[in-house]
Structures are given as C-alpha cells and as structure tokens.
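In: Give me a model of this one.
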Amino acid sequence: MPPKKKKEAEKPVIDEKFSQVDISTSDPRTVVLLLDSPELGITCKACEALRKHAEKSEQNCIELKELGAIPRLVRLMASPDQPVRAYAVLCMGAMVGAPPVRRILLKTACIAPLLEALKPEEELVTLERASYTIAKLAEEYSFKIELQKQSAHKPLLQLLQSPDPDVQRNSLKALGLLLEHYQCRPEVKEAGGIPSLVPLLVSEYPLIQELTLKSLCSCMHDASCRSAFKECDGLTQLVSFIGKKEYSSLHTQAVQVLALCLEDTANMAAIQSSGCLKQLLTHVAESTVPEMKRNAALALAKAANNAVNQKLLHEQEVEKMFIQLLSSEDDGVCIAGAEGVGAMATLSSGKQAIGQGGGLEALVALLSKENASVRSAAIQALVEVITESPANTKQLSECAGVEALVQLLSDSEAMCRVCAARCIITMATDDALRASLAGVGAVGALVQCLSFQDSVVQTNAAQAIASLACDAAVRDQFATGGGVAPLIKLLQCSHDNVRRSATWALSECARSKEVAEEACKLGALGIVQGLCSAQGKLGGFARAALISLVDSSYAAKYWITGKLSQTDILYECEFFDAGLALSSAGPFVPLAELISRPLNLNLPILTVNLLAMPTPPPPPPPVEEVAAPSTALDGSQSALSISGRTKSRNTASKAEGRGKKSAKNEKEAETCISEESDETVAVEKPPGLLTPDPDLWSHISYVKTNILTLAVARDQVQQLARYVSDKMGGPVHKTGTFGFELSASEIQQRLHTNLVPLGEVKAGVFQHRALLFKVLCDQMGVGCSLIRGEYGRHWNEVTLMDDDGGSTPSCFVVDLMFDVGRLLQAQTPEAAAYQHF
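Out: Numbers count the residues shown, from 1 in each chain. Here you go, the predicted model:
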C-alpha cells in the first residue's frame with residue numbers, strides 16, 4: 001500500500017475588493033473633492049450636499065467658488081450620465097445667483113452643457129434649473145452675446161410649450177433678456193417666436209403674462225416682428241387683453257406693445273378695419289388706471305405723427321378721447337391728452353374738431369395748473385391748434401385765452417414763454433386781437449422776455465414784438481415800457497436767430513419817432529449799419545431797420561444817405577449836419593455825444609433848432625427886392641461879408657447881454673426861493689438839446705412874410721435863393737476864395753462848442769446855404785431836397801413847371817453860389833458843373 005501523501009494546507013482566500021466606507025463629513029473641501037469621484041452615487045451625493053450648502057447664503061456660494069467647485073460642476077454638467085448632469089445643473093442653479101460665481105463662469109464653457117440640459121426629454125426639475133441658470137447668466141452682457149451666438153433662443157422657445165409654469169417663467173425671462181439685444185429679434189421671429197409668445201397672453205399666471213408682454217415689447221421694435229405679430233392676429237388679441245378688467249394691472253405694458261405696433265401704417269389700417277381701434281378708444285376712455293390711459297394716449301399721439309395714421313385716427317374721432325383726457329385729475333394723463341391734441345391739430349380737419357369739441361377751453365384751463373409740465377404741454381398743443389386757423393384763434397380770445405397767454409410770458413418754464421410768444425405771433429394777424437393783447441399788458445411782458453436768459457425765448461419774444469408793432473399803440477407801449485435798451489442789446493447777441501429777430505423787431509418799432517431816437521442814442525445805427533452787409537434775412541431786416549431809424553431822425557438819415565428828399569420836411573425838430581468829413585468817418589453819433597465832445601475848430605457842426613421860437617421875432621423889415629448882383633465877389637473881403645461879420649458880432653453881444661440878463665434873473669429866482677420856502681419858482685428850460693437860434697427864426701419870419709406871399713412858385717424859389725445868398729455873404733466867384741471857415745471858427749470859439757447854429761452863420765458856402773435854403777423851403781411849404789456831394793458840394797433840387805408852360809414838372813438844381821437864383825435843369829452839364837468840383 002503506497003504511503004500516504006501529506007495533505008497540502010489550503011491557501012486562505014484574499015478579498016482584494018475595497019470594502020464599503022461610509023463617510024460622514026462637515027468640511028465642504030472634502031465634498032468638493034468628492035466631485036471628482038468616478039462613482040455616480042458619490043458624485044450625485046456630493047452635488048446635492050453642495051447645493052444645499054449653497055442655498056443657505058451667498059457667502060457659501062463664494063466659499064465653494066474659492067474651493068474650485070465651479071470648473072468641476074461645469075464638467076459634470078456635460079457628463080453622459082443623466083443623473084450626474086441633473087444634480088450638477090441643480091447645484092449650479094443654486095450658486096449662479098452670486099456675481100462672483102458668474103464672473104468665474106465667464107472663463108468656462110458652461111453655455112453648451114446648459115443648452116443641452118434644455119432638451120425636452122430632460123426632467124422638469126432639470127429644465128427648470130437650467131432655464132433659471134441661463135436667465136441669470138443673460139443678465140450679463142457678455143453672456144448675452146455668447147448665448148445669442150449659440151442660438152439659445154431656439155431651445156428657450158421650445159420650452160414655452162412646457163406644462164410646468166416655472167419652466168415657462170424662466171424661459172420667458174431668459175428670452176426677454178436676450179431680446180434686449182437688437183440682433184436677436186429677427187432671429188426670434190425667424191424661429192417662430194412671435195406665434196409662440198402670443199398664446200401666453202391668456203396664461204392663468206400674471207407673472208407669465210407680464211414676462212410675455214415684456215418680450216413682445218422688445219420684439220415690436222423690429223419691423224419684421226411687427227408684421228409677424230399682425231399676421232398671427234396678435235393685434236386683435238392684444239386689444240382684447242386691454243379690454244379685460246381682470247388684467248388691469250398689466251394694461252400699461254400691453255399699451256406699450258400696442259404703441260410700437262401702431263408705428264406701422266399697415267398695423268393701424270388693420271386695427272382700424274377690424275374694429276379694434278374703436279374698441280381701444282372705448283377701453284381707454286373707460287379705464288380707471290391713469291398710467292394705462294397715459295400710455296395709450298401717448299401711443300396714439302405718436303402714431304398720429306404719421307399722416308396716414310392721422311387720417312385713420314380722425315375717422316374714429318380720436319380728438320374726443322384726447323379732449324376728455326384733458327379734464328383728468330392725473331397730471332400725466334393731462335399731459336398725454338395735450339400731446340394727442342397737438343398731434344391731431346396738425347390736420348386741418350383735426351383743428352376744426354378740436355375747436356368744436358371744447359378743446360380750446362380745456363387747454364386754456366390747463367394753462368393755470370401748478371405743474372409746469374402740464375402748462376408746457378397745454379401751451380404747445382395750443383400753438384398747433386390755432387396755427388392757420390382763424391376760427392380757433394378767435395375762439396381762444398373768447399375763452400379768456402389772451403389773459404392766460406400774457407400770464408405765461410412770465411412763467412418760470414422757458415418752453416411756456418416760447419409757446420406763449422408763438423401764440424401771440426399767430427394772433428397778431430388779427431387787428432382786434434392785437435388791440436386786446438396790447439390792452440392786457442402783452443407788450444410789457446414781451447419786453448421782460450427780451451432779458452430772459454434763453455436764446456429761444458428771446459428769439460420768439462422779439463418776433464412777437466415785431467408782429468404786434470404794426471400798431472402805433474404797441475410801439476408807444478414798447479417805447480415807454482423800456483423795451484428799446486434790451487432790444488438793442490440783442491442786436492449784438494452771438495446767436496444768429498436772436499440777432500435776426502431783434503433786427504426785425506427794431507425795423508418795425510423804429511417807425512415810432514420815440515423808439516428811433518432812443519435807439520440812436522444807444523448806438524443802434526452803428527450796429528445796424530454793420531449788420532447790413534450780412535447775407536440772408538439778417539441783412540434784409542438790418543436794411544429795413546436802418547430805413548426805419550433814419551426816417552424818424554433826419555439828422556441820421558442825412559448822415560448816412562447824404563440826402564433829404566422833398567418829403568423829409570424839417571419842422572419842429574432838431575437837426576445837425578457834421579459835413580462829409582465826420583459823416584464818412586464812422587457810424588452815426590447822437591447829438592448828446594456831439595455836444596460833449598471837446599472843441600475842434602476843424603470840425604464845425606451846423607445845427608438847426610426848430611423846436612420852439614425862444615422869443616417873439618422882431619418885426620420884419622420893409623419889403624425890398626433883393627436884386628442879384630451883376631458881378632461876383634473875388635473872394636477876399638466883400639462889403640456884405642464884412643457887414644455880416646459885424647452883425648454877427650453885434651448878435652453875439654446881444655446874445656451875451658441876454659445871457660447876463662438871464663443869469664441875473666436866475667440868481668434873483670434862487671434868492672426868492674431861499675427867502676420864501678413856501679413858494680416855488682420854476683425856471684423854464686428850452687426844449688431839446690440845442691440852444692435857441694433867434695437869428696434862424698428871424699429868417700423864417702422874414703420869408704413867410706415877404707416871400708411866401710409871392711404867387712408863382714418859381715418866383716418864390718428864386719427870391720428865396722437870393723435871400724439865402726445875401727445872408728450867407730453874397731455870390732462867390734468860381735475861381736476865388738471865400739473865408740467862411742473864419743466865420744464858423746469865430747462862432748465855435750465864442751460859444752465854446754463845436755455846434756454852430758445855422759442862424760449865426762453870416763458867411764457860408766455850399767453846405768451852409770443849401771441847408772438854410774432847405775429849412776426855409778420847408779417852412780414855406782415849398783418842396784425841396786437837400787443833397788450832399790463830394791468835396792464839400794451841397795445843393796438843393798426843386799420841382800417846378802417849365803417856362804414854356806408845359807404840363808409836366810421838371811427837376812431843377814438851385815444855384816445859391818455863383819449865378820444866384822438860376823435854376824439849372826437836372827442832369828444837364830450846367831447842373832453837373834454845379835454839383836461836382
């Protein structure tokens with residue numbers, strides 16, 4: 001029997017498999033590391049634990065971000081395992097609300113896995129969290145652009161059909177944020193987004209309805225989206241939505257969408273033809289939500305800016321609705337109603353409907369509101385309502401509109417002043433209304449506007465003054481109301497419109513002598529002369545203003561034009577002629593300034609004072625025919641010139657004696673006042689700026705007594721020419737010299753002034769004789785012009801009948817220097833030889 005073998009010992013079985021470990025930790029770092037676990041269960045549990053930790057506070061989210069949880073979660077969201085993806089999306093949804101987390105996500109490729117999580121086959125909770133995460137990311141502009149590039153709107157639009165309201169809400173919110181970028185709107189339209197949004201208007205959840213309206217409002221900024229909205233019957237459903245009172249809290253947003261739709265004439269025609277426009281107007285009138293009424297009115301007013309839409313709205317009598325809104329207690333509704341009235345008033349039939357529907361009365365009532373915005377909107381509408389509508393303009397005056405407009409000229413709001421002035425410009429075309437405006441203080445209020453620190457106010461105020469100034473009463477009020485100084489100041493304004501309007505106003509107001517004289521004192525002539533060379537309307541108004549200024553001041557007219565016509569009659573006025581040297585040296589210098597200038601013997605200024613006769617003139621001498629001398633003086637010393645100088649010295653002695661006597665009387669008057677305090681002694685001051693000229697009045701008295709009585713005009717002219725020549729030194733030889741400068745210098749030195757009274761001159765040449773001849777002709781009523789030429793030549797022209805007895809009068813130049821009394825036919829060589837050196 002073979003020996004038994006030894007039984008081998010059995011080897012123990014070794015279990016190499018890792019035994020299960022139950023881990024319990026409260027350290028988030030450990031849990032973050034577990035996200036890298038290959039086991040699905042561990043990974044899912046780690047995601048769930050981190051989600052719960054993140055939901056507790058934003059600080060926890062930031063902590064997890066610092067521990068590196070974000071890149072791991074992004075990786076897990078792209079996992080092929082559906083449970084892992086779901087838990088990772090849930091955890092990311094809990095953390096994405098923290099801004100630091102979103103900043104980290106910008107550096108990761110999180111968009112693609114999130115969009116994958118939006119597929120309809122995913123669980124609802126995954127869809128809800130994924131759409132929520134995308135909505136949060138879309139709040140950042142950088143994410144918005146990236147989402148658009150990856151066509152995030154397509155899966156979001158699909159989710160609008162989800163039965164879960166949370167998924168719909170998040171998808172709408174994300175879509176609304178994407179639609180804020182204009183490039184996304186046509187893409188949404190191409191993807192069928194508009195028909196997907198419209199049914200949600202009737203959702204049972206107000207938040208979904210609100211988000212739908214927000215998305216539609218963004219879409220309606222695109223023309224293609226508006227067309228798509230009309231094609232899917234969105235307009236009808238939107239109007240129906242506005243008509244439901246249970247949706248009143250959302251009517252404002254719905255009206256905003258409708259306002260954008262109505263920008264297209266096709267949409268307006270569609271809503272009008274379907275009867276929805278009439279329904280809309282009814283809904284707006286019956287609504288109790290002020291904001292909805294305001295937005296609806298603004299929407300319709302904006303649509304009315306289109307001519308086609310305007311006619312469609314007028315057919316539905318939209319003016320009645322706008323007028324009704326003007327009586328609202330809400331200021332915003334009143335403003336919207338006023339804007340609507342103003343928009344419809346650009347249509348002539350709209351103006352008529354507003355006037356007949358009580359719109360003017362309602363607008364005038366708003367002009368006294370405390371809210372400046374309401375006043376501004378009302379007056380802007382009023383401008384449109386009365387423009388080119390005489391009937392409305394008249395009706396405005398009948399409902400206390402004139403007084404209200406004048407009050408607005410003092411408003412603190414610049415626009416109120418501007419529009420009030422524009423209304424006055426429109427009303428100024430009516431004679432009766434101009435009188436009414438002047439009667440309630442419109443001129444004074446407009447004058448105040450000239451100093452308002454706003455160029456538009458100044459421009460319109462000046463234009464209103466120009467429109468009213470065709471009435472003499474207005475010009476008088478302007479002069480007495482202190483309007484000249486601010487108007488002259490505006491002539492130097494840097495704004496072209498202000499300067500142009502001020503020049504126009506001056507051209508109208510300067511037709512008043514008082515305005516023209518004050519304007520000249522303030523240097524207006526020099527300013528206007530500088531503007532005459534401007535192009536366009538400014539230059540035209542400046543030239544018109546210059547004519548108005550010089551027409552009321554003969555001294556200025558002669559200074560600038562060098563001519564006084566037969567219709568420019570020197571009567572009861574002050575006149576001066578500085579000669580060619582000073583008048584060609586610059587702008588017109590007022591008389592007050594010339595008086596104050598220092599003595600300059602080389603620049604005598606001839607003056608004529610016809611304001612009043614200081615003393616009764618002496619009785620006229622016996623009538624003597626003044627024969628024309630047969631021989632001319634050689635220019636040295638004539639008996640007539642010597643006697644003239646002697647008479648001048650005698651006159652000076654008399655004037656000096658009168659001056660001493662006057663001084664003595666004044667001293668006695670002062671003594672009386674000091675001794676008897678209860679009595680007042682008034683010393684009468686001569687009128688005007690110039691001193692009395694008794695010698696000139698002697699000339700006037702003589703010619704009225706002795707020459708005016710002649711029956712034939714030709715005889716009057718020739719006799720007067722001889723008289724003037726006699727008083728100015730007699731005839732002068734053409735080749736001789738005449739010492740008239742010495743006579744003028746003596747007068748200047750004696751009177752200590754540059755102003756030489758014309759009556760004091762006893763030896764004169766062209767300038768002196770022509771001026772005296774003009775003055776005396778005007779006093780006699782003989783038509784005579786005064787013209788200044790070159791090189792000291794001045795002459796007079798008269799219109800007389802020819803010697804041959806013809807019926808046509810002719811113009812003659814009167815010789816006052818050489819062949820005294822000779823009448824030279826105008827435009828002949830003889831006349832030219834007299835007129836030119």
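
In: so what does the longest strand along the chain touch, helix or strand wise?
Out: In the chain, ranked by residue count with DSSP state E as the criterion, the top strand is strand 794-801. In terms of contacts (3 or more C-beta pairs under 8 Å, 6 or more residues apart in numbering; DSSP states H and E), strand 794-801 is packed against helix 713-727, helix 766-780, strand 784-788, strand 809-814. All C-beta spots, glycine's among them, are computed from the backbone N, C-alpha and C.

In: for the third one, packing partners?
Out: Applying 3+ C-beta pairs under 8 Å, 6+ apart, we find strand 784-788 packed against strand 563-564, helix 766-780, strand 794-801.

In: what's next to the last one, contact-wise?
Out: If you take C-beta atoms under 8 Å, 6 or more residues apart in numbering as the criterion, strand 794-801 is touched by 566, 713-714, 717, 766-767, 769-771, 773-774, 777, 782-789, 807, 809-814, 816, 823, 826, 834-835.

In: Sort out which of those are buried, if you could.
Out: Taking 16 or more other C-beta atoms under 10 Å as the criterion, what is buried in the contacts of strand 794-801 is 566, 713, 717, 766-767, 769-771, 773-774, 777, 782-789, 811-814, 816, 823, 826, 834-835.

In: quick one, helices of the stretch 501-650 of the chain?
Out: 513-521, 524-531, 536-551, 554-561, 579-583, 591-596, 639-675 (DSSP state H, counting those that start in this stretch).

In: okay, the nearest residue to Leu179 once chain neighbours are set aside: pLDDT?
Out: On the basis of C-beta to C-beta, 6 or more residues apart in numbering, the spatially nearest residue to Leu179 that is not a chain neighbour turns out to be Ser218, at 3.7 Å. With respect to pLDDT, Ser218 has a value of 93.

In: Tell me who's in contact with Val814.
Out: For Val814, the residues meeting the contact criterion (C-beta under 8 Å, 6+ apart) are 717, 721, 773, 795-798, 821-824.

In: and it, bridged to which residues?
Out: Beta bridges link Val814 to Asn796, Leu823, judged by DSSP bridges.

In: I'd like to know how many residues surround Ala833.
Out: Counted by other C-beta atoms under 10 Å, the residues lying close to Ala833 total 13.

In: any idea whether it is helix, strand or coil?
Out: Secondary structure state of Ala833, per DSSP: H, G, I helix; E, B strand; the rest coil, is helix.

In: Quick check: Leu437 touching Leu409?
Out: No: under the contact definition of C-beta atoms under 8 Å, Leu437 does not touch Leu409, with a separation of 10.4 Å.

In: Any idea which helix or strand in this structure has the lowest mean pLDDT?
Out: helix 639-675 (a mean of 38; mean pLDDT, DSSP states H and E).

In: Please verify my assumption that Arg29 contacts Leu67.
Out: Yes: shown here, Arg29 and Leu67 form a contact pair, counting by C-beta under 8 Å, at 5.7 Å.

In: quick one: which of the two has more around it?
Out: Legend: neighbour count by other C-beta under 10 Å for Arg29 and Leu67, higher for Leu67 (18 against 13).

In: That one and Cys399, how far apart?
Out: 77 Å (C-beta to C-beta, to the nearest Å).

In: try Leu33
Out: In terms of C-beta to C-beta, Leu33 sits 84 Å off from Cys399.

In: what do you get for His153?
Out: Relative to Cys399, His153 is positioned 56 Å away (criterion: C-beta to C-beta).

In: now the helices and strands packed on strand 784-788 in CSV, with mean pLDDT?
Out: Supplementary listing: the helices and strands packed on strand 784-788 in CSV, determined by pLDDT from 0 to 100:
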stretch, mean pLDDT
strand 563-564, 92
helix 766-780, 95
strand 794-801, 94
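
In: Among the ones you listed, which comes closest to Glu210?
Out: strand 563-564 (81.0 Å; C-beta to C-beta).

In: a helix runs through Lys230, doesn't it?
Out: Yes: counting by three-state DSSP, Lys230 is located in a helix.

In: give the contact list for Asp222.
Out: The neighbours of Asp222, taking C-beta under 8 Å, 6+ apart as the test, are 182, 185-186, 189.

In: Repeat the analysis, applying 7 Å as the threshold.
Out: For Asp222, the contact set (C-beta atoms under 7 Å, 6 or more residues apart in numbering) comprises 185-186, 189.

In: got it, and Glu572?
Out: Counting by C-beta under 7 Å, 6+ apart, Glu572 has contacts 610-611.

In: Roughly how far does it sit from Cys777?
Out: Using C-beta to C-beta, one gets 16 Å for the distance from Glu572 to Cys777.

In: before we move on, what about Ser287?
Out: Applying C-beta to C-beta, one obtains 82 Å for the distance of Ser287 from Cys777.

In: in the chain, which ranges drop under the pLDDT threshold?
Out: Within the chain, the stretches with pLDDT under 70 are 1-23, 579-587, 614-687, 735-742, 804-806.

In: how does it look with 80?
Out: Along the chain, segments meeting pLDDT under 80 span 1-25, 521, 552-553, 578-590, 612-688, 734-743, 802-807, 837.

In: Identify the spatial nearest neighbour of Gly781, chain neighbours not counted.
Out: For Gly781, the nearest residue in space outside its immediate sequence neighbours is Leu708; the separation is 7.8 Å by C-beta to C-beta, 6+ apart.
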